[in-house]
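Student: please find the sequence and the predicted model below.
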Amino acid sequence: MDGFSKMRERIEVLVPVDGAANDFNETSVTYTGPTNYTTWARVERMENKETSENETLKANATYKITIRYRSDFSTENKITWRSQTLAISSFLSDERRTTLEIIAHD
């Protein structure tokens, strides 16, 4: 058991669902549906970045999120944590496939 007791945050994993095609044959992607799930996680803030966009300051945070291993996890998923929606940059599983370490940003 690799630190499962440190997984004290509740997150929701949003799984993309193909939507209807519009007039230009572009398919929209939604993140609502029965495929979303909640799980326990360990969430650690890694770094903060401030960027200037059109003379407006914007703060971006990067997080390392650890969850139990799931074979159906994808970088197309999104994560909701504490009312924030995070995009997934990358993820790795450990050798024994017990956990996933996810790098996500807002």
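Tutor: Nice, I can see it. Residues are numbered from 1 along each chain as shown.

Student: pLDDT below threshold where in the protein?
Tutor: For the chain, applying pLDDT under 70 flags the ranges 1-3, 19-28, 50-55, 57-58.

Student: list the beta-bridge partners for the most centrally placed residue in it.
Tutor: With distances taken as CA atoms, centre = their mean, residue 79 lies nearest the centre of the chain, 3.3 Å away. Residue 79 forms beta bridges with residue 13, residue 86, as assigned by DSSP bridges.

Student: immediately after the helix or strand encompassing residue 39, which helix or strand?
Tutor: Using DSSP states H and E, residue 39 falls within strand 37-53. Downstream of strand 37-53, the first helix or strand assigned by DSSP H and E is strand 56-68.

Student: what strands flank that next one, and is each parallel or antiparallel?
Tutor: For strand 56-68, pairing defined by DSSP bridges yields strand 37-53 (antiparallel), strand 99-105 (antiparallel).

Student: sorry, back to before: got a list of what the residue nearest to the centre of the chain touches?
Tutor: Contacts for residue 79 (CB atoms under 8 Å, 6 or more residues apart in numbering) come out as 11-14, 65, 85-86, 88, 102, 104. Placement of C-beta: from N, CA and C, glycine included.

Student: if we use 7 Å, what do you get?
Tutor: Contact analysis of residue 79 by CB atoms under 7 Å, 6 or more residues apart in numbering lists 11, 13, 65, 86, 88, 104.

Student: and residue 90, by the same measure?
Tutor: Per CB under 7 Å, 6+ apart, neighbours of residue 90: 75, 103.

Student: and with 6 Å instead?
Tutor: Counting by CB atoms under 6 Å, 6 or more residues apart in numbering, residue 90 touches residue 103.

Student: now name the helix or strand holding it.
Tutor: strand 84-93.

Student: how far off centre is that strand?
Tutor: Relative to its parent chain, strand 84-93 has a centroid offset of 4 Å by CA atoms, centre = their mean, to the nearest Å.

Student: understood, closing this out.
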